[in-house]
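Undergrad: Fold the following and give me the result.
(one chain, ligands or ions: 2)
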Amino acid sequence: MAAPMLHAVRGAARRVPRVSCRCLSGSPGFLAAVARRGLFQELFPPEGPGLPDLLLSGPQTVYCGFDPTADSLHVGNLLAVLGLLHFHRAGHHAIALIGGATAQIGDPSGRSLEREPLNPETLESNVRGVRDSLNRVFENYQVLHGGHAKPGATFNVLDNASWYRNRQPIEFLSSVGRHFRMGTMLSRHSVQSRLKTPEGMSLTEFLYQMFQAYDFYHLHQQHGCKIQLGGNDQLGNLMSGHEFIHKVTGEDVFGIMLPLITNTTGDKLGKSAGNAVWLNRERTSPFDFYQFFVRQKDSSVERFLKLFTFLPLEEIEKIMEQHVKEPEKRVPQKRLAAEVTKLVHGKEGLESAKRCTHALYHSRIDALEAMSDQELQELFQEAPFTESLFEPGTRVLDACLAVSAIPEGARGFDIITRGGLSINHQKITNPDEILVPGQHILKNGLSLIKVGKKNFYILKWLHLI
Ligand SMILES: Nc1ncnc2c1ncn2[C@@H]1O[C@H](COP(=O)(O)OP(=O)(O)OP(=O)(O)O)[C@@H](O)[C@H]1O
Ligand SMILES: N[C@@H](Cc1ccc(O)cc1)C(=O)O
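TA: Residues are numbered from 1 along each chain as shown. Ligands and ions are numbered 1, 2, ... in the order given. From the prediction side, this is the model:
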């Protein structure tokens with residue numbers, strides 16, 4: 001069936017101020033509460049009866065898009081997912097939109113170079129990975145915080161490839177493209193900054209804003225969606241959606257910008273900067289994920305507790321008061337890490353992260369013994385993993401040679417006698433010592449061999465009696 005022609009509503013083509021954001025903390029109710037956490041930073045457009053009134057009028061539909069340009073979401077994107085979950089808690093309908101179509105175009109916002117095109121297999125596996133990130137975070141949120149959500153709220157994951165699949169380019173350009181003005185599109189920051197570079201910008205990327213605007217329109221028509229969330233690099237795209245929808249329906253829709261999470265050098269955490277902390281275990285293990293938050297500086301931990309957790313602000317205040325008295329305990333960092341790891345990897349993921357922390361930093365044998373093969377490989381990513389048949393009478397020296405932890409001959413022998421070796425966190429100085437199950441070999445069949453300060457080797461013994 002042909003898509004209906006879109007007509008501009010008479011008198012609706014008004015000009016929207018180019019940069020018109022304002023702080024939300026003065027707004028009433030739910031918006032103010034989330035703005036106080038620092039999560040909802042700015043609103044677009046600021047004038048008119050506005051978003052606060054719309055939210056008071058009943059449950060609304062809100063969306064945020066994620067382009068599957070990698071096979072997992074990351075910590076920067078998590079903030080946008082949390083924005084959606086705050087809406088869900090307040091009884092609204094949240095849509096996480098996977099940009100299966102827009103990822104093939106590539107958003108120029110915040111990028112100095114055009115993205116490489118994605119081949120169909122990579123795209124398919126990225127869509128799967130992003131869907132997995134979104135579903136897992138939502139399932140964990142349901143288990144941990146679902147009891148606080150107002151009844152009736154929904155959370156859906158959609159893919160914009162589903163509404164572009166059967167569109168014809170000529171029909172699309174003639175019905176949608178004619179509502180976009182070149183001057184306005186050219187004025188976007190994402191376009192201006194790229195036009196100044198020697199490579200310039202392709203038509204494909206230039207048109208990205210039209211597709212994101214059309215997504216908003218589609219969700220507005222099909223799901224009554226009037227609110228779009230995005231990091232503050234998305235302002236231009238949100239404005240395009242607002243202008244387009246206003247032109248063809250005469251209705252007002254809203255954009256809410258979230259702050260961008262940056263690293264210590266001020267770069268946006270994400271795929272493009274190559275510094276992403278991923279939400280999928282295959283890319284960042286629960287242990288590394290947990291440690292990322294444990295390592296946060298005192299200067300950012302309070303802000304992160306407000307942004308990345310659902311802890312009430314009063315509780316965060318108390319945690320910070322305790323921190324002033326006992327900073328060495330790093331209570332806020334540990335609480336932050338525990339809350340976010342639970343949300344992303346579930347309770348089991350948090351337990352795994354803690355087991356790995358105890359095994360690595362506190363030399364705890366019981367933690368090492370309880371670790372699965374997957375955890376071991378995640379924790380000692382660089383460590384060679386060797387499987388070997390156990391034979392009674394095997395010496396420490398034989399085990400070390402089997403995993404090439406020491407060189408053959410006198411040099412290897414010396415490393416052990418001079419105290420450079422430990423097995424399962426116990427120092428061993430006699431190369432001829434016989435391996436004893438229960439001591440050198442843990443119940444899970446493991447010997448963790450360490451040479452020097454940080455060279456780990458994992459030896460998994462098979463056929464232990
Ligand atoms: N570091 C970040 N802090 C806050 N929001 C972020 C961050 N990174 C991405 N987002 C937001 O997540 C949403 C989805 O972004 P997208 O899928 O394009 O990822 P991205 O990391 O921005 O990609 P890239 O780094 O390749 O530009 C957008 O609203 C974007 O603004
Ligand atoms: N343009 C967004 C992702 C997105 C895709 C489609 C949308 O409809 C909305 C947002 C980004 O790159 O961060």
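
Undergrad: can you give me the helices for the stretch 51-200 of the chain?
TA: Under the criterion DSSP state H, counting those that start in this stretch, the stretch 51-200 of the chain carries helices at the ranges 75-89, 120-145, 161-164, 169-175, 182-187, 189-195.

Undergrad: Quick check: nearest residue in space to the most centrally placed residue in the chain, chain neighbours excluded?
TA: By C-alpha atoms, centre = their mean, the chain has its centre lying nearest to residue 74, at 2.3 Å. Nearest residue to residue 74 in three dimensions, chain neighbours excluded: residue 276, at 3.8 Å (C-beta to C-beta, 6 or more residues apart in numbering). C-beta: built from backbone N, CA, C; applies to glycine.

Undergrad: Show me the strands in this structure, by range?
TA: Under the criterion DSSP state E, the chain contains strands at 22-23, 42-44, 61-66, 93-98, 154-159, 225-231, 254-258, 385-389, 421-423, 426-427, 446-451, 455-462.

Undergrad: Name the spans of the stretch 351-465 of the chain whose pLDDT lies under the cut-off.
TA: Across the stretch 351-465 of the chain, the ranges flagged by pLDDT under 70 are 464-465.

Undergrad: Residue 247 and residue 176 touch, don't they?
TA: No - between residue 247 and residue 176 there is no contact under C-beta atoms under 8 Å: 10.8 Å.

Undergrad: And the longest helix along the chain, what's buried?
TA: Secondary structure of the chain per DSSP state H: the longest helix is helix 331-361. Buried residues in helix 331-361, counted by 16 or more other C-beta atoms under 10 Å: 331-346, 349-360.

Undergrad: Nearest to ligand 2 among the strands of the chain would be which one?
TA: Set against ligand 2 and scored by C-beta to the nearest ligand atom, the strands of the chain come closest in strand 61-66, at 2.3 Å.

Undergrad: contacting residues around the closest one?
TA: Under the contact criterion C-beta atoms under 8 Å, 6 or more residues apart in numbering, strand 61-66 has outside partners 73, 77, 80-81, 83-84, 87, 92-99, 102, 130, 134, 160, 212, 215-216, 219, 223-230.

Undergrad: Next, see if that strand gets close to ligand 1.
TA: Yes - with C-beta under 6 Å from any ligand atom as the criterion, ligand 1 is reached by strand 61-66 at 64, 66.

Undergrad: Determine whether any part of that strand lies close to ligand 2.
TA: Yes - on the criterion C-beta under 6 Å from any ligand atom, strand 61-66 is in touch with ligand 2 at 65-66.

Undergrad: Buried ones in that strand, by neighbour count?
TA: Quick answer for strand 61-66 (16+ other C-beta under 10 Å): 61-66.

Undergrad: do stretch 79-87 as well
TA: 79-87.

Undergrad: Run the chain-centre distance for it.
TA: Once both centres are worked out by C-alpha atoms, centre = their mean, to the nearest Å, stretch 79-87 turns out to sit 12 Å from its chain's centre.

Undergrad: Please export the alpha-carbon coordinates of that stretch; CSV is fine.
TA: Taking only C-alpha atoms (Å, rounded to 0.1, in the frame of the first residue of the first chain), the coordinates of stretch 79-87 have been written out as CSV:
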residue,chain,number,x,y,z
LEU,A,79,22.2,7.1,30.5
ALA,A,80,19.6,7.4,27.7
VAL,A,81,18.2,4.0,28.7
LEU,A,82,18.0,5.2,32.3
GLY,A,83,16.1,8.3,31.0
LEU,A,84,13.6,5.9,29.4
LEU,A,85,13.3,3.9,32.6
HIS,A,86,12.6,7.0,34.7
PHE,A,87,9.7,7.7,32.4
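
Undergrad: related to what we said a few turns ago, tabulate the buried residues of strand 61-66 (CSV), appending pLDDT.
TA: Formatted as CSV, those follow (pLDDT from 0 to 100):
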residue, pLDDT
61, 98
62, 98
63, 98
64, 98
65, 98
66, 98
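
Undergrad: okay, among the residues you listed, which ones form the most distant pair?
TA: Based on C-beta to C-beta, the longest span within the buried residues of strand 61-66 runs between 61 and 66 and measures 16.9 Å.

Undergrad: quick one on the thing from earlier: quick check: the residue nearest to the centre of the chain vs residue 289, distance?
TA: 10 Å (C-beta to C-beta, to the nearest Å).

Undergrad: which residues do those two both contact?
TA: 277-279.

Undergrad: Leaving out sequence neighbours, find the closest residue to the residue in the stretch 351-465 of the chain that ligand 1 sits nearest to.
TA: Closest approach between the stretch 351-465 of the chain and ligand 1, counting by C-beta to the nearest ligand atom: residue 353, at 21.7 Å. Sequence neighbours aside, residue 290 is the residue nearest to residue 353 in space, at 3.6 Å (criterion: C-beta to C-beta, 6+ apart).

Undergrad: With residue 105 instead?
TA: residue 208 (5.1 Å).

Undergrad: correct me, but that neighbour touches residue 101?
TA: No - the pair residue 208 / residue 101 is not scored as a contact, 10.7 Å apart, by C-beta under 8 Å.

Undergrad: Of those two, which one has the most company?
TA: With neighbours defined as other C-beta atoms under 10 Å, residue 208 and residue 101 compare such that residue 208 has more, 26 against 20.

Undergrad: So which elements touch the longest helix of the chain?
TA: helix 120-145, helix 286-294, helix 298-308, helix 313-325, helix 365-369, helix 373-379 (3 or more C-beta pairs under 8 Å, 6 or more residues apart in numbering; DSSP states H and E).

Undergrad: and the angle for the fourth one with helix 298-308?
TA: Relative orientation of helix 313-325 versus helix 298-308 (axes from the mean of the first three to the mean of the last three C-alpha atoms, to 10 degrees): 160 degrees.

Undergrad: Return the alpha-carbon coordinates of helix 313-325 using CSV.
TA: In CSV, the C-alpha atoms belonging to helix 313-325 read as follows (Å, rounded to 0.1, in the frame of the first residue of the first chain):
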residue,chain,number,x,y,z
LEU,A,313,18.7,11.6,46.6
GLU,A,314,18.4,11.6,50.5
GLU,A,315,20.2,8.3,50.6
ILE,A,316,22.9,9.5,48.2
GLU,A,317,23.4,12.5,50.5
LYS,A,318,23.9,10.2,53.5
ILE,A,319,26.4,8.0,51.6
MET,A,320,28.4,11.2,50.7
GLU,A,321,28.3,12.4,54.4
GLN,A,322,29.8,9.0,55.4
HIS,A,323,32.4,9.3,52.7
VAL,A,324,33.6,12.6,54.1
LYS,A,325,34.3,10.8,57.5
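
Undergrad: what does it rub up against?
TA: Outside helix 313-325, the residues that touch it by C-beta under 8 Å, 6+ apart are 36-37, 298, 301-302, 305-306, 309, 311, 329-332, 335.

Undergrad: Bridge partners for the residue in the stretch 201-350 of the chain positioned nearest to ligand 1, pull those for me.
TA: Relative to ligand 1, the nearest point of the stretch 201-350 of the chain is residue 231 (2.2 Å; C-beta to the nearest ligand atom). Beta-bridge partners recorded for residue 231 (DSSP bridges): residue 258.
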